[in-house]
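Novice: quick one: sequence plus predicted model below, questions after.
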Amino acid sequence: MATAAVSGWAPGTEPSLPDGLSLTLREALFQVLENRPEDPVSFLGEYFQRLVESAREGAAEKSAPRPKEEQVSCALKQLLLSHYSRPAFSRNTALAFHILSCPANKRKKPGLKGRIYTELLRQICGGAGISSCSLIRKLQCWDHEAVPFSVFRHGVLTCFIFLDFVKISRRLFEVVAESGEASRTVCQALLDALQDALNVSKSASGPGCLDAALKLSPNQLGQTMEQAMRLRKNETSPPMTQEEFTMLTAPFFIQRVKPMC
């Protein structure tokens, strides 16, 4: 009774939701639960904004499909809905592939070409700077080559993992940096430790991975840094920047990626 009095509606006469609205709200909540965004409110705002834009396009009855640049942008937004470690990423990847596979001309057959696929990879890796150039060259396909979903998913997933690798490298640099620069001796010691651990972990066996983890343990890295700190007193070379450090760590990841062509 109290609820009815506050809302102004008599018991049993509450208005029902308009047709289609309940399904829209249910789908929006499903997207939130599936993607688990850090900011659900902003996520819902962007979701409803995309619905509005789609409705406007439908009302305008555009005969020409969206240009490829817009398709790439829409596919990227779809991929960014969730982190690649979440189950929802597989669904978002399939939807992004479908968006890019729609033909730009009704006379053409559906399918994804290498040029559009490569452009998407470049946009994904935009935050990694020039350190991603070698990775793109390994993952790209020929401009007019048909790209199957398995290749698309492998390339997209590899790029997102590479972005996380770059973030970790930058945070590692910040630990030893002072005023945006770090001792070249200390940075080289870190690079040698990473390279040594990666060489050990090349074996798929359990002991190989454990040995690699041991080499990167806090105690082992602490000893390495302590030795490097003593050596840097006699250092004459200029300090290293974060961008240079990232450029030196990126090949550790890229050399393990299998070329697609």
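Specialist: Here it is on my side, so go on.

Novice: for the rest of this, base every contact and every neighbour count on C-alpha atoms.
Specialist: Fine.

Novice: which helix or strand contains the closest residue to residue 83 other than its chain neighbours?
Specialist: With CA to CA, 6 or more residues apart in numbering as the criterion, residue 83 has its nearest non-adjacent residue at 6.5 Å, and that residue is residue 89. According to DSSP states H and E, residue 89 maps onto helix 88-101.

Novice: thinking again about what came up before, enumerate every residue touching the residue nearest to residue 83.
Specialist: 35, 79, 81, 82, 83 (CA atoms under 8 Å, 6 or more residues apart in numbering).

Novice: show the pLDDT at the last one.
Specialist: It refers to residue 83. Residue 83 is assigned 90 on the pLDDT scale.

Novice: that one belongs to a helix?
Specialist: No: counting by DSSP: H, G, I helix; E, B strand; the rest coil, residue 83 is not part of a helix but coil.

Novice: for residue 36, see how far away it is.
Specialist: Separation of residue 83 from residue 36 (CA to CA, to the nearest Å): 9 Å.

Novice: which positions within stretch 147-158 qualify as buried?
Specialist: Judged by neighbour count (16 or more other CA atoms under 10 Å), stretch 147-158 contains these buried residues: 147, 149, 151, 152, 153, 155, 156, 157, 158.

Novice: so what touches it?
Specialist: Counting by CA under 8 Å, 6+ apart, 84, 93-94, 97, 111-114, 117, 121, 124, 139, 141, 260 sit against stretch 147-158.

Novice: what about 6 Å?
Specialist: For stretch 147-158, contacts defined as CA atoms under 6 Å, 6 or more residues apart in numbering pick out 112, 113, 139.

Novice: against residue 257, how distant is residue 161?
Specialist: Counting by CA to CA, the gap from residue 161 to residue 257 is 11 Å.

Novice: next one: residue 247
Specialist: From residue 247 to residue 257 the distance is 16 Å (CA to CA).

Novice: quick one, which of these two is more surrounded?
Specialist: residue 247 (18 against 14; other CA atoms under 10 Å).

Novice: phi and psi next, for residue 241.
Specialist: Backbone torsions for residue 241, taken as degrees, to the nearest 10, come to phi -90, psi 170.

Novice: excluding its backbone neighbours, what's nearest residue 169?
Specialist: Using CA to CA, 6+ apart, the closest residue to residue 169 is residue 246 (6.2 Å).

Novice: need the pLDDT of that neighbour.
Specialist: 93.

Novice: same question, residue 145
Specialist: Value listed for residue 145 in the pLDDT field: 92.

Novice: isn't residue 102 right next to residue 110, touching?
Specialist: Yes: using CA atoms under 6 Å, residue 102 makes contact with residue 110 at a distance of 5.2 Å.

Novice: so between these two, which is more surrounded?
Specialist: residue 102 (18 against 14).

Novice: picking up where we left off before, what's downstream of the helix holding residue 89, the next helix or strand?
Specialist: helix 114-124.

Novice: next, the angle from that following helix to helix 88-101.
Specialist: 140 degrees (axes from the mean of the first three to the mean of the last three CA atoms, to 10 degrees).

Novice: list the contacts for residue 49?
Specialist: Residue 49 touches nothing, counting by CA under 6 Å, 6+ apart.

Novice: can you tell me the element it falls in?
Specialist: Going by DSSP H and E, residue 49 is in helix 40-60.

Novice: so residue 24 sits in a helix?
Specialist: Yes: with three-state DSSP as the criterion, residue 24 is part of a helix.

Novice: okay then, goodbye and thanks.
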